[in-house]
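In: A predicted structure for the sequence below; I have some questions about it.
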Amino acid sequence: MTNTLEFKSSFINNSEKKTALDTEGRDLLARPRFSLRLHLLLVFILFSFLSMAIIIGSVIAISSIDKKMHFVQTSERYLFEIAQARRWEKNYFLYDTNLEDAVQSAGNAKTFLSQNLKKFITVLSAEETAGMIEHLEKYRSLLQDLQDLTVLKKNGIENTEKKNKIETSLRKHGAEMVKVAAALVYKEQNSMNAMLHLIQRIPIYCFAVVLLLTIFLARFLVKRLIRPLNLLIESTQRIAKGDFSPVPPICKYRGEFTAVEVAINQMCRELKSREVAMVESHKLRAIGTLTAGVAHELNNPLNNIMLTAHAMLEDHNNLSEDGLLEMINDLINEADKSRSIIRNLLDFSRESESVSEPLDLGALVGETIKLTLNQAKVSGVKIETQIQPDLPRIRGDKQQLKQVFLNLILNALDAVEKEGNIKINVKKADSPKFLAVQVEDNGCGIPSHILPNIFDPFFTTKGPGKGTGLGLSVSHGIITMHRGQISIETEEGKYTRFTVTLPFRTVPAVLNKT
Ligand code: ADP
């Protein structure tokens, strides 16, 4: 089974300065404060106001229902007195009795009306109230007239025509009075019923408003609480993957999370500076590995120099001028070879700032292979190189890219047994405008269960003192910074092929700054 893995994540920009992070910390703290505590206090105040409004509203509604009930009772009492007066009035016309009672009831109605005039005016219009008073007054005066007729009748003077007239008028005004009073009672009862209906619904409305407000505020608070937490979790996951760039402000205002953000940024700064130190130490390890091979490689030219120098010392008197010149040329050539071997190593070990320059990728890979040739020779490993001619130049940092290819070759050397084989291929990539460098070995392969971790910083399967676990994580960072990608194909026990693709048109912005 062949396992493949491709990485495109962001890169840790080691050149970011401490001062930039300090400024970020200051910026985080300079924002206006709006803490979660204040949020909760505002929510509490809002709910308190809402509860107060509901209580006040209910008290007002209940007191106005109470007033209405009183008024209904008042108007019912008025209606009762009028109806009573009308009953006595009918008795009078039927049986000639109860006229005094009718006068008494009409008087009661009048007293009642004048006592509650203000209340009546607030419910009825001033005109309607005036009409009501007028009918009552008229009714009372007609009853008075009837009383006068009764006195005359007792004295033997009977005026039937006037009595009939009074009866007609009494009926008319009486009916009007009852109609207005009944309408008044009906109106008030209706309005009271409507209000009761409303009061019955108030808890439902309040519940709906409180529910909606609670949902809105809960969502708002969750946003203010969960979102920053999620962002912090994302940031810590990013940090765990080796991206130590500072946490961006997670919300507009300064709050409880600001201290966490500042602390995480401080931690990132620390981790970044330690990572730089670790990268350097990884480089030193690679140099250590290479030194044995380089020493071996230096041995040959130095031996030749020694032999030639001894020969010159012993035979300088017998040597012809041409022979002497030839030997001096040999010395110069051998010294030159040694110098180029040492320069190559020094070139790799030199600490330098990131520099973007046009690069011949084939030549760069070739120089890197040279550094490892003796190591391979010592281990009995064959390195086959295929470099496609006339490849376009890429832009990038020579030192950093050399470090990537060196890491891949040294890993391949570690993976193969004696008599192993490493194939290095530099060619145009399948995707347009990209070049590819493939480093393939027929070594142990990478087991699928560790494949997702091999780019994690400090992940190594090599024994103590042999691996730092930084080679691939550093290489991944460098390639991402060059807008490239690293992919792996591997089969346990058979082979591993790392493919690095690099663009040959676009100039990486990060490198361009330098
Ligand atoms: P180190 O080489 O210091 O262990 P790296 O980050 O370079 O750190 O590699 C991480 C791990 O990936 C190695 O320990 C090894 O298990 C695995 N690995 C890398 N390259 C190869 C390879 N060519 N063949 C098999 N395993 C490899």
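Out: Received it, and whenever you're ready, just let me know what you need.
In: enumerate the residues of this structure near the ligand.
Out: Applying Cβ under 6 Å from any ligand atom, we find that the chain lies next to the ligand at 407, 411-412, 415, 441, 443-444, 446, 454, 459-462, 467-473, 496. All C-beta spots, glycine's among them, are computed from the backbone N, C-alpha and C.
In: buried ones among these?
Out: 407, 411-412, 415, 441, 443-444, 446, 454, 459-460, 467-473, 496 (16 or more other Cβ atoms under 10 Å).
In: keep only those of the residues you listed that are in strands.
Out: Within these, residues falling in strands by DSSP state E are Asp441, Thr496.
In: from the ligand, how far off is the residue positioned nearest the centre of the chain?
Out: The residue lying closest to the centre of the chain (Cα atoms, centre = their mean) is Arg227, at 4.3 Å. Distance, Arg227 to the ligand, by Cβ to the nearest ligand atom, to the nearest Å: 35 Å.
In: do Ser273 as well
Out: For Ser273, the distance to the ligand - Cβ to the nearest ligand atom - is 20 Å.
In: let's see the pLDDT reported for that residue.
Out: With respect to pLDDT, Ser273 scores 81.
In: what's the answer for Val510, then?
Out: 47.
In: do you have the helices of the chain handy? List them.
Out: Using DSSP state H, the helices found in the chain span residues 18-30, 36-95, 99-115, 117-123, 126-154, 160-240, 256-315, 321-349, 361-379, 398-415, 471-481, 509-513.
In: tell me who's in contact with the nearest residue to Thr150 once chain neighbours are set aside.
Out: With Cβ to Cβ, 6 or more residues apart in numbering as the criterion, Thr150 has its nearest non-adjacent residue at 6.3 Å, and that residue is Leu99. The contact partners of Leu99, by Cβ atoms under 8 Å, 6 or more residues apart in numbering, come to Trp88, Glu89, Tyr92, Leu143, Leu146, Gln147, Thr150.
In: buried ones among these?
Out: Using 16+ other Cβ under 10 Å, the buried ones in the contacts of Leu99 are Trp88, Glu89, Tyr92, Leu143, Leu146.
In: any idea how far the first one lies from Met177?
Out: When Cβ to Cβ, to the nearest Å is applied, the distance between Trp88 and Met177 equals 14 Å.
In: likewise the last one?
Out: Applying Cβ to Cβ, one obtains 16 Å for the distance of Leu146 from Met177.
In: list the buried residues for stretch 190-200?
Out: Ser191, Met192.
In: in PDB, list the C-alpha atoms belonging to it.
Out: C-alpha atoms of stretch 190-200 as PDB (Å, rounded to 0.1, in the frame of the first residue of the first chain):
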ATOM      1  CA  ASN A 190     -67.400  45.200  27.200                       C
ATOM      2  CA  SER A 191     -64.400  47.400  27.800                       C
ATOM      3  CA  MET A 192     -63.700  45.500  31.000                       C
ATOM      4  CA  ASN A 193     -64.000  42.200  29.300                       C
ATOM      5  CA  ALA A 194     -61.500  43.300  26.600                       C
ATOM      6  CA  MET A 195     -59.100  44.400  29.300                       C
ATOM      7  CA  LEU A 196     -59.500  41.100  31.200                       C
ATOM      8  CA  HIS A 197     -58.900  39.300  27.900                       C
ATOM      9  CA  LEU A 198     -55.700  41.400  27.400                       C
ATOM     10  CA  ILE A 199     -54.500  40.800  30.900                       C
ATOM     11  CA  GLN A 200     -55.000  37.100  30.400                       C
END
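In: name the surrounding residues that touch that stretch.
Out: Ser58, Ala61, Ile62, Ser64, Ile65, Lys68, Met69, Val72.
In: the fifth one - nearest residue in space that isn't next to it in sequence?
Out: By the measure of Cβ to Cβ, 6+ apart, the closest residue to Ile65 outside its immediate chain neighbours is Met195, 5.4 Å from it.
In: over to the third one?
Out: Closest residue in space to Ile62, ignoring its immediate chain neighbours: Ile199 at 7.3 Å, by Cβ to Cβ, 6+ apart.
In: run a quick neighbour tally on the spatially closest residue to Glu492 that is not a sequence neighbour.
Out: Once flanking residues are discounted, Glu492 sits nearest to Gly445: 4.2 Å by Cβ to Cβ, 6+ apart. Gly445: 19 surrounding residues under other Cβ atoms under 10 Å.
In: quick revisit: might one say that the residue nearest to the centre of the chain is in contact with Ile250?
Out: Yes: counting by Cβ atoms under 8 Å, Ile250 is a contact partner of Arg227 at 7.4 Å.
In: could you list every residue that touches the closest residue to Ile424 other than its chain neighbours?
Out: What sits nearest to Ile424 in space, not counting adjacent residues and going by Cβ to Cβ, 6+ apart, is Thr385, at 4.9 Å. Thr385 is in contact with Val365, Gly366, Ile369, Ile424, Asn425, Val426, counting by Cβ under 8 Å, 6+ apart.
In: from those, which is closest to the ligand?
Out: Ile424 (12.2 Å; Cβ to the nearest ligand atom).
In: does the closest one have beta-bridge partners, and which?
Out: For Ile424, the beta-bridge partners are Thr385, Val439 (DSSP bridges).
In: and for the one 10 residues further on?
Out: Taking DSSP bridges, one finds Pro503 as the beta-bridge partners of Phe434.
In: pLDDT added to the contacts of Thr385, as a markdown table?
Out: As requested, the contacts of Thr385 are exported to a markdown table (pLDDT from 0 to 100):
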| residue | pLDDT |
| --- | --- |
| Val365 | 95 |
| Gly366 | 93 |
| Ile369 | 92 |
| Ile424 | 97 |
| Asn425 | 97 |
| Val426 | 96 |
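In: would you mind giving those residues as a markdown table with neighbour count added?
Out: Putting these into a markdown table (neighbours: other Cβ atoms under 10 Å) gives the following:
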| residue | neighbour count |
| --- | --- |
| Val365 | 23 |
| Gly366 | 15 |
| Ile369 | 19 |
| Ile424 | 23 |
| Asn425 | 17 |
| Val426 | 23 |
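In: looking at those residues, which is nearest Leu331?
Out: Leu331 lies nearest to Gly366 out of the contacts of Thr385, by Cβ to Cβ, at 26.9 Å.
In: pretty sure the closest one contacts Leu373?
Out: No: using Cβ under 8 Å, Gly366 is not in contact with Leu373, being 10.5 Å away.
In: ok, the nearest residue to Asp441 once chain neighbours are set aside - contacts?
Out: Among residues not flanking Asp441 along the chain, Ala412 sits closest, at 3.8 Å (Cβ to Cβ, 6+ apart). Contact partners of Ala412, counting by Cβ under 8 Å, 6+ apart, are Ile422, Val439, Glu440, Asp441, Gly443, Thr496.
In: from the ligand, how far off is Lys402?
Out: For Lys402, the distance to the ligand - Cβ to the nearest ligand atom - is 15 Å.
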